[in-house]
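A.B. asks: When you get a sec, could you give me coordinates for this:
(one chain, ligands or ions: 2)
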Amino acid sequence: MSKVAIITGGGSGLGQATAVRLAEEGVNISVVDISEEGGNRTVDMVKDKGADAIFIKADVSKNEDVKNYVDKTVSHFGTIDYFFNNAGISGSGKYFLDSDIDEIEKIVGINLLGALYGVRHVAEVMKKQGSGAIVNTASSAGVIGQDSVVTYSATKHGIIGLTKSMVAEYAKDGLRVNAIAPGPTETEMVRNFYKDNPEMKENAESGIPQKRLGTPEEVAELVTFLLTSKAEYINGEVIRIDGGFTNVK
Ligand SMILES: NC(=O)C1=CN([C@@H]2O[C@H](COP(=O)(O)OP(=O)(O)OC[C@H]3O[C@@H](n4cnc5c(N)ncnc54)[C@H](O)[C@@H]3O)[C@@H](O)[C@H]2O)C=CC1
Ligand SMILES: CC(=O)C(C)=O
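C.D. replies: Ligands and ions are numbered 1, 2, ... in the order given. Next up, the predicted model:
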């Protein structure tokens with residue numbers, strides 16, 4: 001029987017590339033995104049690979065939207081085997097003392113509360129099933145401190161706490177929960193961020209030992225490995241995928 005995955009932020013970047021990669025493995029996908037255009041595009045890409053997909057519109061910072069995407073996935077596909085808990089935003093790149101409270105609340109609401117709500121509802125289904133794998137998207141900014149992204153970095157450090165502590169509570173129930181920590185990767189989010197902060201692009205590229213940004217396809221390969229049974233004994237890990245960036249900081 002085909003496996004079923006929920007992917008948040010599935011309409012673009014890392015989420016979209018992972019949807020396509022999982023579809024190549026025959027996995028059916030609930031594509032969750034706030035953007036209908038992006039989400040529907042991903043559904044078409046998954047179907048082109050021969051797997052089934054539905055789009056569910058949601059703002060992950062709203063608990064009722066999160067509960068809805070979980071309920072709709074279960075009623076449509078019957079199960080949730082994999083969860084790529086990935087939707088997120090970067091913020092403006094301002095220094096912390098120049099950030100306004102609305103921006104702080106927005107980043108925390110989407111990146112951290114959205115991820116917590118997702119795990120809260122998905123893990124309930126997985127615990128009842130006695131199995132399930134979750135990958136949470138952290139960031140290199142979740143394992144080291146970086147200027148211009150203080151709130152973002154705080155949310156990504158929080159994602160790592162969520163990951164490890166879920167394992168402490170639910171590994172015995174058949175759940176695996178891991179996190180990825182990508183460095184700067186070629187997606188819309190990063191293109192927009194560097195357009196507004198061009199000096200940060202040069203700093204990032206020169207600071208990466210491999211001297212290039214990552215690609216969404218490289219990240220999708222890692223997520224696919226972590227979600228599937230090939231990674232059966234990997235639990236509570238934070239896997240960095242950053243061209244060596246955080247190893248030489
Ligand atoms: N691109 C990069 O360099 C890195 C990205 N990340 C993380 O990867 C994740 C995915 O980012 P990318 O693919 O790069 O960005 P992206 O901007 O290409 O994709 C993010 C997707 O999330 C959706 N989204 C935004 N707010 C949402 C909300 N409230 N509810 C539902 N969906 C929402 C967007 O519509 C978009 O489709 C984020 O959590 C980001 O923080 C982590 C490290 C590096
Ligand atoms: C956007 C982001 O997380 C990085 C590491 O650039």
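
A.B. asks: Could you use CA atoms for every contact and neighbour count after this?
C.D. replies: Noted.

A.B. asks: tell me the mean pLDDT over the lengthiest strand in the chain?
C.D. replies: Counting residues, the longest strand found in the chain (DSSP state E) is strand 175-182. For strand 175-182, the mean per-residue pLDDT is 98.

A.B. asks: That one and ligand 1, are they touching?
C.D. replies: Yes - applying CA under 6 Å from any ligand atom, one finds strand 175-182 touching ligand 1 at P182.

A.B. asks: What helices and strands are in contact with that strand?
C.D. replies: helix 114-129, strand 132-137, helix 150-170, helix 216-227, strand 238-241 (3 or more CA pairs under 8 Å, 6 or more residues apart in numbering; DSSP states H and E).

A.B. asks: what's the spacing between the spatially most central residue of the chain and Y194?
C.D. replies: Central residue of the chain (CA atoms, centre = their mean): N86, 1.8 Å from the mean position. Distance, N86 to Y194, by CA to CA, to the nearest Å: 20 Å.

A.B. asks: got it, and K57?
C.D. replies: In terms of CA to CA, K57 sits 27 Å off from Y194.

A.B. asks: contacting residues for the residue nearest to N63 when sequence neighbours are not counted?
C.D. replies: Distances taken as CA to CA, 6 or more residues apart in numbering put Y117 closest to N63, at 6.0 Å, once the chain neighbours are dropped. Neighbouring residues of Y117 by CA atoms under 8 Å, 6 or more residues apart in numbering: 60-61, 63, 66.

A.B. asks: distance between the longest strand of the chain and the chain's centre?
C.D. replies: Computed by CA atoms, centre = their mean, to the nearest Å, the separation of strand 175-182 from the middle of its chain amounts to 9 Å.

A.B. asks: Contact residues of this structure facing ligand 1?
C.D. replies: Proximity of the chain to ligand 1, by CA under 6 Å from any ligand atom, involves residues 9-15, 33-35, 38, 58-61, 86-90, 110, 137-139, 182-190.

A.B. asks: ok, of those residues, which come out buried?
C.D. replies: Neighbour counting with 16 or more other CA atoms under 10 Å marks 9-15, 33-35, 38, 58-61, 86-89, 110, 137-139, 182-187, 189-190 as buried within the residues of the chain next to ligand 1.

A.B. asks: how long is stretch 31-38 end to end?
C.D. replies: With CA to CA as the measure, stretch 31-38 spans 10 Å from end to end.

A.B. asks: er, stretch 222-232 actually
C.D. replies: 14 Å.

A.B. asks: starting at the chain centroid, how far to it?
C.D. replies: Distance, stretch centre to chain centre, for stretch 222-232: 14 Å (CA atoms, centre = their mean).

A.B. asks: What residues sit buried inside that stretch?
C.D. replies: 222-224, 226-228.

A.B. asks: Point out the residues in this structure that sit beside ligand 2.
C.D. replies: 90, 139-141, 183-184, 190.

A.B. asks: if you set the cut-off to 5 Å instead, what comes out?
C.D. replies: In this structure, the chain approaches ligand 2 at residues 139-140, 183-184, judged by CA under 5 Å from any ligand atom.

A.B. asks: Quick check: helices, which of these are part of them?
C.D. replies: Among those, none falls in helices (DSSP state H).

A.B. asks: Going by distance to R176, which of the contacts of Y117 wins?
C.D. replies: The closest of those to R176 turns out to be V66 (CA to CA; 20.2 Å).

A.B. asks: Wasn't that closest one part of a helix?
C.D. replies: Yes - V66 forms part of a helix when assessed by DSSP: H, G, I helix; E, B strand; the rest coil.
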